[in-house]
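**Student:** Sequence first, predicted model second:
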Amino acid sequence: MNPMKRRSFAAMLAGTGLACMWATPAWSQGKKLVIGFAQTGAESEWRTANTDSVKSAAAAAGHELKFSDAQQKQENQIKAIRSFIAQKVDVIILAPLVTTGWDTVLKEAKAAKIPVILESRNVVVKDPTTWTTFVGSDFVEEGRRAGKWLLEHTKNTTGDVNIVELQGTVGSDPAIDRKKGFDEVIKANPRYKVIRSQTADFTRAKGKEVMEAFLKAEGKKINVLYAHNDDMAIGAIQAIEEAGLKPAKDILVIGVDAVKGAFEAMIAGKMNVSVECSPLLGPQLMEAAVKAKAGEPLPRWIKSIEGVFPAEVAAKEFPNRKY
Ligand code: GZL
């Protein structure tokens with residue numbers, strides 16, 4: 001069918017309402033794009049699920065995805081963006097490792113008239129017109145949810161509640177804001193004290209290492225672990241067990257992401273709760289990319305809808321989990 005006929009056929013269908021029978025998801029319609037994706041790396045279960053979601057959504061929509069794994073180095077992400085600009089891609093998707101240091105390269109993308117979509121983390125830049133939209137979570141709210149769960153879960157106890165905190169990557173949006181939200185909630189009650197707080201870079205290995213140091217320094221004084229992601233919590237659980245203590249009982253274990261590993265730990269009775277942070281951003285990103293390329297208006301923030309999963313519901317919920 002020649003293009004003219006195809007368009008009139010589509011136009012005719014649209015009039016009859018039949019078009020909906022062949023409608024494909026909004027994010028997979030329109031021009032096929034070449035998209036450059038500058039990913040942070042593969043530091044956590046969450047990140048792996050996020051990469052899978054973006055790759056499969058791009059494939060489903062028929063877009064070409066140029067993928068770069070920065071291995072946790074901002075300079076590699078900046079190099080990738082410059083390479084995407086040189087290749088004249090239609091859209092750039094960036095998962096910014098940290099919030100700062102992006103002004104120059106995002107200005108270069110703007111000068112090249114290539115829209116930049118931020119995913120999974122946000123940036124702080126002087127010129128906010130250098131990026132089009134942020135697709136991701138409200139990390140301050142995730143921190144608040146972790147704090148609220150703790151206050152609710154310990155409301156019938158007395159005495160100090162000594163908390164150790166494993167922070168995410170230094171300078172990253174989720175680490176800054178999950179700390180901010182949690183502190184905002186617990187500061188209401190002086191019983192709750194963060195006695196140690198240190199980065200473990202969102203990884204299991206560092207989570208174990210830093211928790212070992214916390215246990216050595218504070219030992220049985222520790223009542224709660226708040227980890228900015230489940231991977232660090234899972235690493236810390238190993239350290240708690242190796243210290244002869246019972247995770248989720250001697251030390252409450254709070255994580256963020258709600259990845260498979262967290263459900264397995266909760267079902268095993270080793271973790272108390274995980275605050276959901278969805279990595280399944282692929283479909284929303286593809287829809288935003290098509291609109292950004294077409295110059296259509298987009299909200300500045302396309303926010304993920306998420307919940308909180310305490311251990312009591314883990315076994316029932318686990319079969320429904322998609323990451
Ligand atoms: C959140 C994402 C964070 C996850 C971590 O959007 O940036 O990075 O919470 C991941 O697991 O490493």
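**Tutor:** Right, received. Where do you want to start?

**Student:** From here on, just use CA atoms for contacts and neighbour counts.
**Tutor:** Noted.

**Student:** Which helix or strand contains residue 309?
**Tutor:** strand 308-310 (DSSP states H and E).

**Student:** Just give me how far that strand sits from the chain centre.
**Tutor:** Centre-to-centre, strand 308-310 and its host chain are 17 Å apart (CA atoms, centre = their mean, to the nearest Å).

**Student:** What strands line up against it, and which way round?
**Tutor:** Using DSSP bridges, strand 308-310 pairs in its sheet with strand 273-276 (antiparallel).

**Student:** and the residue of the protein nearest the ligand?
**Tutor:** As assessed by CA to the nearest ligand atom, the ligand sits closest to residue 120 within the chain, at 3.7 Å.

**Student:** List the residues that contact that residue.
**Tutor:** 95, 96, 134, 135, 136, 137, 279 (CA atoms under 8 Å, 6 or more residues apart in numbering).

**Student:** give me that answer again for 10 Å
**Tutor:** 39-40, 47, 50, 94-97, 134-139, 173-174, 277-281, 303-304 (CA atoms under 10 Å, 6 or more residues apart in numbering).

**Student:** Those residues of the stretch 1-150 of the chain touching the ligand, which are they?
**Tutor:** The stretch 1-150 of the chain comes close to the ligand at residues 43, 44, 46, 47, 120, 121, as judged by CA under 6 Å from any ligand atom.

**Student:** Most neighbours among these, please name it.
**Tutor:** Greatest neighbour count in those, by other CA atoms under 10 Å, goes to residue 120: 27 neighbours.

**Student:** Would you tell me which helix is longest in this structure?
**Tutor:** helix 45-61 (DSSP state H).

**Student:** Close to the ligand: what parts of the stretch 151-300 of the chain are there?
**Tutor:** Checking the stretch 151-300 of the chain against the ligand by CA under 6 Å from any ligand atom, the hits are 174, 202, 229, 257.

**Student:** Just the buried residues of these.
**Tutor:** Restricting those to buried positions leaves 174, 202, 229, 257, with burial counted as 16 or more other CA atoms under 10 Å.

**Student:** Those residues into CSV, with extra columns for pLDDT?
**Tutor:** Converted to CSV, these look like this (pLDDT from 0 to 100):
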residue, pLDDT
174, 98
202, 98
229, 98
257, 98
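
**Student:** Sort out for me which of those residues are in strands.
**Tutor:** Cross-referencing these against strands under DSSP state E gives residue 257.

**Student:** which residue ranges form the strands in the stretch 51-200 of the chain?
**Tutor:** 64-69, 91-94, 116-119, 133-136, 161-167, 192-199 (DSSP state E, counting those that start in this stretch).

**Student:** how about the helices in the stretch 201-323 of the chain?
**Tutor:** Ranges of helices in the stretch 201-323 of the chain, per DSSP state H, counting those that start in this stretch, are 204-218, 230-242, 260-267, 282-294, 311-317.

**Student:** again, but for the stretch 51-200 of the chain
**Tutor:** Going by DSSP H, counting those that start in this stretch, the stretch 51-200 of the chain shows helices at 74-86, 103-111, 139-153, 173-186.
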